[in-house]
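Colleague: Need a 3D model of the following:
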Amino acid sequence: MRRNSARRLSRAVGQLAPAGFDNRPALDYMFRMRNKSPEARHHRLIYLLNVAQRRLQRWMAAQPSSEVTPAQAGLLFILGKQDGVLMGEAGAALDMGPAGISGLVDRTAAARLVERRADREDGRAFRVWLTPKGRAALAQAKTDAARINEALTDGFTAAEIDIVARWLTSVQDKFPRDPEE
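Modeller: Residues are numbered from 1 along each chain as shown. From the prediction side, this is the model:
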């Protein structure tokens, strides 16, 4: 059982790792955690979250099928659910402030994936709309996200993934974007 589990975990890490990446330290750490060794009490969660996020972002950006950045893909996903959202709504959904969403929309518009248009009812506000090129990029981003999510969840039960998702959501609740919340 342990050998099959190790093989699945190694394969999942190998699928996500860039060519030439040595995954032995990561696998060693995961096995210590799984075996409840004395070191397992010190999970170094901040470190693990940061490293995982950076590696995943770099890996996604380096994919040949990726013509959009992970941040741009996030914006496309928002617009795929509701095209023509206010910039502030898109920023809130992506956990970005006004300057961040403005820059993201500028870069995504420069790539001709979205258009920014003045709101008809409030001339000070802007709405963001998908272009035909943006719709095609959204379809590719959905395919890429499904493939990445499959690799991320490989070797874990649905119950384990539910716990991970619940824990990550709790981090957002415990540490809101606005400390005044």
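Colleague: What lies in contact with the helix or strand harbouring residue 147?
Modeller: Remark: residue 147 resides in helix 132-153, with elements defined by DSSP states H and E. Contact with helix 132-153 is made by 12, 15-16, 56, 60, 63, 65-68, 72-73, 76-77, 79-80, 108, 111-114, 130, 161, as judged by Cβ atoms under 8 Å, 6 or more residues apart in numbering. Every C-beta, even on glycine, is put in place using the N, C-alpha and C of the backbone.
Colleague: a strand runs through residue 63, doesn't it?
Modeller: No. According to DSSP: H, G, I helix; E, B strand; the rest coil, residue 63 belongs to no strand; its state is coil.
Colleague: Tally up the residues packed near it, please.
Modeller: The number of residues packed near residue 63 is 11, by other Cβ atoms under 10 Å.
Colleague: May I have the residues that are in contact with it?
Modeller: residue 144.
Colleague: What's the per-residue pLDDT of it here?
Modeller: The score at residue 63 is 80. That number is its pLDDT.
Colleague: Against residue 43, how distant is it?
Modeller: Note on residue 63: its distance to residue 43, by Cβ to Cβ, to the nearest Å, is 29 Å.
Colleague: With that, I have no additional questions.
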